[in-house]
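Colleague: Structure for the following, please:
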Amino acid sequence: ITMISPACFDILGYRPDEMLGTAMAAYYYNPKDRQHVVQSVINAGGKVTQIESELKHKCGSIIWVSANVSVRYGADGNPCCLEGVARDISERKRMEEQLIFLSRTDSLTEAYNRRHFMDRSEDVINMMRRYQRPASVMVADLDHFKTINDKFGHHAGDLALKAFANVCRLEIRESDILGRLGGEEFGLMLPETTIQHAQILAERIRVA
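Modeller: Below you'll find the model as predicted:
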């Protein structure tokens, strides 16, 4: 870095004098992303606009930036540096991630909604088929759920659904997929799982 605006302090928390003379790659969350930016400039003939990257704030948090980057040439006509202008788009990225989360997730239980559960399950089935590996699907329907709503009200019913989803999360693996199919019906896609192991898990969830 040979020149840096004081505005970088507002974005990354570093004073210009702390950054001068250091490698720009050091400020990327993944240093390899710096090479991606450079390669993108080369591929685009010397200038790219609105290329997005994750940078590291001085405190350790991740900052998303959108940058316009171009090659600058010396008096001899050869490339001498990259010049860029970046703006903080972290808030926009957080909103985008939140929208994606909401579009895929059941708002009550935070399990996947039916559509996303089916999409993820199809991916697992295709993968297991390709590698000739077992997979199981479990459907869980909560017995007498209507009684809870009728006797204690819908708020209690909501708490029961959330409690069941939480129990499932405690019992399943990270690779397993939990979805709310509708009402009091839940689905579990279990990759690398035989029907015998799925039955053991089903009983463990029932008992819990």
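Colleague: Return the list of helices and strands in contact with the longest strand along the chain.
Modeller: Counting by DSSP state E, the longest strand found in the chain is strand 62-73. If you count contacts as 3 or more C-beta pairs under 8 Å, 6 or more residues apart in numbering; DSSP states H and E, strand 62-73 packs onto helix 8-12, helix 32-43, strand 47-56, strand 79-88, helix 90-104. Yep, even glycine has a C-beta here, placed from its N, CA and C like the rest.
Colleague: Report pLDDT for the residue nearest the centre of the chain.
Modeller: The chain has Glu97 as the residue nearest its centroid, 7.2 Å off, counting by C-alpha atoms, centre = their mean. We note a pLDDT of 92 for Glu97 in this prediction.
Colleague: Against Leu178, how distant is it?
Modeller: 20 Å (C-beta to C-beta, to the nearest Å).
Colleague: rewinding a little: could I get the average pLDDT for the longest strand of the chain?
Modeller: Taken as a whole, strand 62-73 has a mean pLDDT of 95.
Colleague: Pairing partners for that strand, with directions?
Modeller: Strand 62-73 pairs in its sheet with strand 47-56 (antiparallel), strand 79-88 (antiparallel), by DSSP bridges.
Colleague: Pull out the buried positions in it.
Modeller: With burial defined by 16 or more other C-beta atoms under 10 Å, the residues of strand 62-73 counted as buried are Ile63, Trp64, Val65, Ser66, Ala67, Val69, Ser70, Val71.
Colleague: tell me the angle of it relative to helix 90-104?
Modeller: 130 degrees (axes from the mean of the first three to the mean of the last three C-alpha atoms, to 10 degrees).
Colleague: Check what contacts strand 62-73 and list those residues.
Modeller: 11-12, 29, 37, 40-41, 46-57, 79-90, 92-93 (C-beta atoms under 8 Å, 6 or more residues apart in numbering).
Colleague: is it true that Val167 touches Ala208?
Modeller: Yes: counting by C-beta atoms under 8 Å, Val167 sits close enough to Ala208 to count as a contact (4.8 Å).
Colleague: Comparing those two, which shows the higher neighbour count?
Modeller: It is Val167, of Val167 and Ala208, that has more neighbours when counted by other C-beta atoms under 10 Å, with 15 against 11.
Colleague: I'd like the distance between the more buried one and Ile200.
Modeller: Relative to Ile200, and taking C-beta to C-beta, Val167 is found at 15 Å.
Colleague: Ala111 too?
Modeller: Distance from Ala111 to Ile200, counting by C-beta to C-beta: 21 Å.
Colleague: Could you measure from Cys81 over to Ser70?
Modeller: Distance of Cys81 to Ser70, given as C-beta to C-beta: 10 Å.
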